[in-house]
Structures are given as C-alpha cells and as structure tokens.
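Trainee: prediction below, plus the sequence it came from.
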Amino acid sequence: MLNISNVPTHIAIIMDGNGRWAKKRFLPRALGHKAGVDALRDVFTTAENIGVKYLTLYAFSTENWNRPQDEVIALMKLLAEYLGKETKKLHRNNVKINVIGDVSRFSVKLQAEIISAIELTKLNDGLFVNIALNYGGRDELVRAVKKISNDVKEDKLEAQNITEKILSNYLDTSGMPDVDLLIRTSGEYRISNFLIWQAAYAELWFTDVLWPDFKGAHLIDAISDYQNRERRFGKSEGE
Ligand code: FPP
C-alpha cells in the first residue's frame, strides 16, 4: 500500500530500452521510440492520481546527436508529432508542460511546437511535466556559469555572494524542487549526465523493464520502495 502522505514531489525518469524493445520484436528502432511515447500515457495518469507534482523525463540528451542520423531524425519527428497531437489533451488534463535543455539546436518547427505547448499550458497547476531535450547536466552547468559570469560582469551579482541556492536559480530547473526519486529502466545502472545537480540527494531506483513496457504499476513499485528508504541528506542514522 502506498502512503499517500509521502509521495515524492519530484520524480525523474531515464526512459531507457526502446531500442532493445524494438530489436526483440525485429522492428526498427524508431518504432521502439514510438512505443516509448505511448508508455507515457499510463505513467502520467498514475502520477496525477497519486499526487506526484513534478515529472522530469530524459527524452533527448546532448549525447544523442551522435546516434545514426536517421534515428535522430525519427526522434525529432516523434517529438514534434507528440507535442502537436497531445498538447491539447494534456492541457485538458491540467498538465503544465515545460522543457529543459538547450533547444536552440532544434529545427524552427520543433522549437515552435515547444513554445506553443509551454504557452498553452503555462497557467495549469496539475502535473508539471518537464521534458529534457538536448539536455546534459554538464552542459546545463556550463550554461549557468556563463550566465552567472555575465551577471557578475554587469554588476548584477557579487561573486562572493554566490550560494547553492543562487546557482540553482541559474539552472534550467530554476524554481523547481530537487529530485526525490530517480528511475532508470532497462537494467542500466548509470545517471548518464541527467540532473547531476538536482538529483544530488535523490533516491535511485532501477528496473530491468524496458521503457515501452513500463506501466503505472511499475511507478507505484518504485514509489513504494522509495517510501521504505531513510533519506538522510548527509546526516547520520536517526539524527
Ligand atoms: C533510450 O532508449 C531512449 C531514448 C534515447 C529516447 C527516449 C525518448 C522517448 C521515449 C520519447 C519521449 C518523448 C516525449 C514526448 C517525452 P535507447 O534507444 O537507448 O534504447 P536501447 O538502450 O535499448 O538501445
């Protein structure tokens, strides 16, 4: 049974295993990614029902550009189609869509889809869905340092006054709570440059399930496990 008063506020997911899911079925990888998109529906519904506030999804990393060009193109097409088709439905469900990462490298069309999804849903106060696109934790930190240097140069900020809180405000997740629970599917045990600052104290949960097979029930398993952990934030036991 889930303890509804101890649901993680912010869950991040590394949706891994689309390629292997497709390979097992002798399908092209792009169809694995499509099945990966379809898996989101059940996860969103469950997250909403149990009161998760923030869900951050690793959809395209700064390293994913190194994949074969046809796969990158298929992923871009899928993202644009998803935003174009699903945004209205998500809006009706009070979902607020946001994107983290450096989207300047995407096509004008995809950037326009991103802007209109964010714009349409900006006043919603239901589930906050953060989609990480051309996102890398190190890249995000480099971009933050550049913005900070600029503000120091323009006398908007004093270098000696920089705190963890201030640095957080320069990240793409500014104003959002830290990650409580980080999930990775497909039996890989890595963070892969995802939310390296924000997940500093996150509980980690791994499963062998390939992302397209991931259901709301798996999310509930992860949260149950989370509820049995003792979060210490660097303190000693029972402190
Ligand atoms: C990892 O599987 C998955 C990706 C690189 C892409 C994930 C993207 C989606 C599920 C689409 C998300 C869309 C939205 C709108 C949020 P992999 O290809 O690395 O799988 P493999 O390790 O089995 O090859």
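Mentor: All right, it came through fine. Numbering: from 1, shown residues only.

Trainee: do you know how far the residue of the chain found nearest the ligand is from Ala199?
Mentor: Closest to the ligand within the chain is Gly19: 2.4 Å, counting by C-beta to the nearest ligand atom. C-betas here are computed from N, CA, C, even on glycine. Applying C-beta to C-beta, to the nearest Å, the value for Gly19 to Ala199 is 24 Å.

Trainee: most distant residue from the middle of the chain?
Mentor: Asp155 (33.3 Å; C-alpha atoms, centre = their mean).

Trainee: show the model's pLDDT score for that one.
Mentor: Asp155 is assigned a predicted lDDT (pLDDT) of 97.

Trainee: hang on, it in a helix?
Mentor: No. Asp155: not assigned to a helix; according to DSSP: H, G, I helix; E, B strand; the rest coil it is coil.

Trainee: could you look up the SS state of the closest residue to Ala22 other than its chain neighbours?
Mentor: Among residues not flanking Ala22 along the chain, Gly32 sits closest, at 3.1 Å (C-beta to C-beta, 6 or more residues apart in numbering). Gly32 falls in the helix class when you classify it by three-state DSSP.

Trainee: quick check: Gly32 touching Asn18?
Mentor: Yes. Between Gly32 and Asn18 there is a contact under C-beta atoms under 8 Å: 3.7 Å.

Trainee: and the longest helix for the chain?
Mentor: The residue-count maximum for a helix in the chain (DSSP state H) belongs to helix 69-92.

Trainee: which neighbouring elements make contact with the following helix or strand past that helix?
Mentor: Counting by DSSP states H and E, the next helix or strand C-terminal to helix 69-92 is strand 96-100. The contact analysis (3 or more C-beta pairs under 8 Å, 6 or more residues apart in numbering; DSSP states H and E) places strand 96-100 against helix 69-92, helix 108-121, strand 128-135.

Trainee: let me know which of those is tucked in deepest.
Mentor: strand 128-135 (a mean of 24; mean count of other C-beta atoms under 10 Å).

Trainee: what mean pLDDT would you report for that one?
Mentor: Mean predicted lDDT for strand 128-135 stands at 98.

Trainee: same question, stretch 113-121
Mentor: Rounded mean pLDDT across stretch 113-121 is 97.

Trainee: got it, and stretch 224-239?
Mentor: 85.

Trainee: mind listing what's buried along stretch 33-53?
Mentor: 33-37, 39-40, 43-44, 46-48, 52-53 (16 or more other C-beta atoms under 10 Å).

Trainee: list the contacts of the closest residue to Gly187 other than its chain neighbours.
Mentor: Closest residue in space to Gly187, ignoring its immediate chain neighbours: Asp208 at 4.2 Å, by C-beta to C-beta, 6+ apart. For Asp208, the contact set (C-beta atoms under 8 Å, 6 or more residues apart in numbering) comprises 185-187.
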